[in-house]
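Colleague: 3D model of this:
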Amino acid sequence: MTDGLLNVVLGLVASAISAALGWLGQSLRRRRRLDRARAFLGLPAGSECLIVVNRSIGTGAHPRTVTRRDAYALMELAALVKECGAHADLVAHDAAPRGLGTRTELCFGGPVSNERMAAHLAWGLPGVTISSDHAVLDNTITVGGRSYTADLEAGEYVLLARLATPGDGRPVFLISGQTGIANHAGVRHLVTHHRRLARRYGTDGTFALLLKVVNPAAYGPDVVEQVADVTDRALERGPTPPGASAPGAPAPATAATA
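Modeller: Numbering: from 1, shown residues only. A predicted model of the protein is given here:
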């Protein structure tokens, strides 16, 4: 073998080794990212989770229907679950099985349209109240005495939270928006930023964020700003304002901010 041919062969071998090492490194990074996402979401490969669906509260709406925006949010949640290699069980808010922590739960919609959401807020985030006036349906969110009211042009609000459950059980995720657009925006924020949230809050803590959907009339659910991390205020029990869903149980002792 001539020196020139030997150099060509050695170059090809070196290139092949470099390509294999690069592919292996990328595969390991993707696997680590996926493992972190699974740990944060409580969705190991092959596991099952609950997606708890609210009901449509429009005039004349059937109690088992959801809005178009909520259907879009459901599809994005289902895609996230599938990305983790888990399986989703879609259940109505008033038909969810009893118990807590055996399966990850993704619950969305306000407490007016979702009884399960009302129970989770009362148990896990006693400092949060959401207006439940059926005549007004303004869904004003109050956290620690400060209220946030929806405005179609100025902005709408959505509460995005992760609740740790007793005994190191699977987490509960809450997405409670003031409108269908706000619900969709909260789901999209979780889907898009769950890796960043995992880095910030860890994989076993409780957090609560208040997000603002900017000018939903023009931008829909696409432009979202974080108003505040309201975890501390949300975990504190305070007075219940008139026309709000009242907390009914103490906050979980195991819940803690990361």
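
Colleague: can you list the weak-confidence ranges in the chain?
Modeller: Across the chain, the stretches falling below the confidence threshold (pLDDT under 70) are 1, 3-10, 12, 19-31, 56-65, 132-138, 238-258.

Colleague: quick one: the strands in it?
Modeller: Taking DSSP state E as the criterion, the chain contains strands spanning 48-53, 87-92, 104-108, 128-130, 141-143, 146-148, 156-163, 172-177, 207-213, 224-229.

Colleague: closest one to A119 among those strands?
Modeller: Using C-beta to C-beta as the criterion, the shortest distance between A119 and these is 9.4 Å, found for strand 104-108. No exception for glycine: its C-beta is placed from N, CA and C like everyone else's.

Colleague: distance from the chain centre to the closest one, please.
Modeller: Here strand 104-108 shows a centroid-to-chain-centroid distance of 7 Å under the convention C-alpha atoms, centre = their mean, to the nearest Å.

Colleague: quick check: angle from it to strand 156-163?
Modeller: Taking axes from the mean of the first three to the mean of the last three C-alpha atoms, to 10 degrees, one finds strand 104-108 and strand 156-163 inclined to each other by 160 degrees.

Colleague: wait, V91 touches V52, no?
Modeller: Yes: proximity of V91 to V52 meets the contact threshold set by C-beta atoms under 8 Å, at 5.8 Å.

Colleague: same list (the strands of the chain) but as TSV, adding distance to L121.
Modeller: Below are those laid out as TSV (distance: least, C-beta to C-beta, whole Å):
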stretch	distance to L121
strand 48-53	13
strand 87-92	18
strand 104-108	10
strand 128-130	6
strand 141-143	10
strand 146-148	15
strand 156-163	8
strand 172-177	7
strand 207-213	10
strand 224-229	17
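
Colleague: turn those strands into TSV, columns for mean neighbour count.
Modeller: Conversion of these to TSV gives the following (neighbours: other C-beta atoms under 10 Å):
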stretch	mean neighbour count
strand 48-53	22
strand 87-92	15
strand 104-108	27
strand 128-130	26
strand 141-143	24
strand 146-148	15
strand 156-163	27
strand 172-177	27
strand 207-213	23
strand 224-229	15
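
Colleague: do you know which of these lies nearest Y72?
Modeller: With C-beta to C-beta, the closest approach to Y72 among the strands of the chain belongs to strand 104-108: 11.5 Å.

Colleague: so what touches that closest one?
Modeller: Contacts with strand 104-108, where a contact means C-beta atoms under 8 Å, 6 or more residues apart in numbering, come from 41-43, 47, 49-54, 70, 73, 77, 81, 86, 88, 93, 96, 114, 116-117, 120, 170-177, 183, 186-187.

Colleague: again, but for stretch 226-236
Modeller: Residues outside stretch 226-236 that contact it (C-beta under 8 Å, 6+ apart): 125-128, 143-144, 146, 148, 157, 159, 161, 206-212, 251, 255, 257.

Colleague: tell me where this protein has helices.
Modeller: Ranges of helices in the chain, per DSSP state H, are 3-41, 68-83, 115-124, 180-201, 216-219, 231-235.

Colleague: can you mark which positions in the last one are buried?
Modeller: Within helix 231-235, the residues that qualify as buried are T231, R233, A234, L235, counting by 16 or more other C-beta atoms under 10 Å.

Colleague: how distant is it from the center of its chain?
Modeller: Put simply, helix 231-235 sits 17 Å off its chain's centre (C-alpha atoms, centre = their mean).

Colleague: how about the third one?
Modeller: For helix 115-124, the gap between its own C-alpha mean and the chain's C-alpha mean amounts to 15 Å (C-alpha atoms, centre = their mean).

Colleague: who are the packing partners of that helix?
Modeller: Counting contacts by 3 or more C-beta pairs under 8 Å, 6 or more residues apart in numbering; DSSP states H and E, helix 115-124 is packed against strand 104-108, strand 128-130, strand 156-163, strand 172-177.

Colleague: sorry, back to before: tell me which of the helices of the chain sits most buried.
Modeller: Burial of the helices of the chain is given as mean neighbour count (mean count of other C-beta atoms under 10 Å); helix 115-124 ranks first at a mean of 22.
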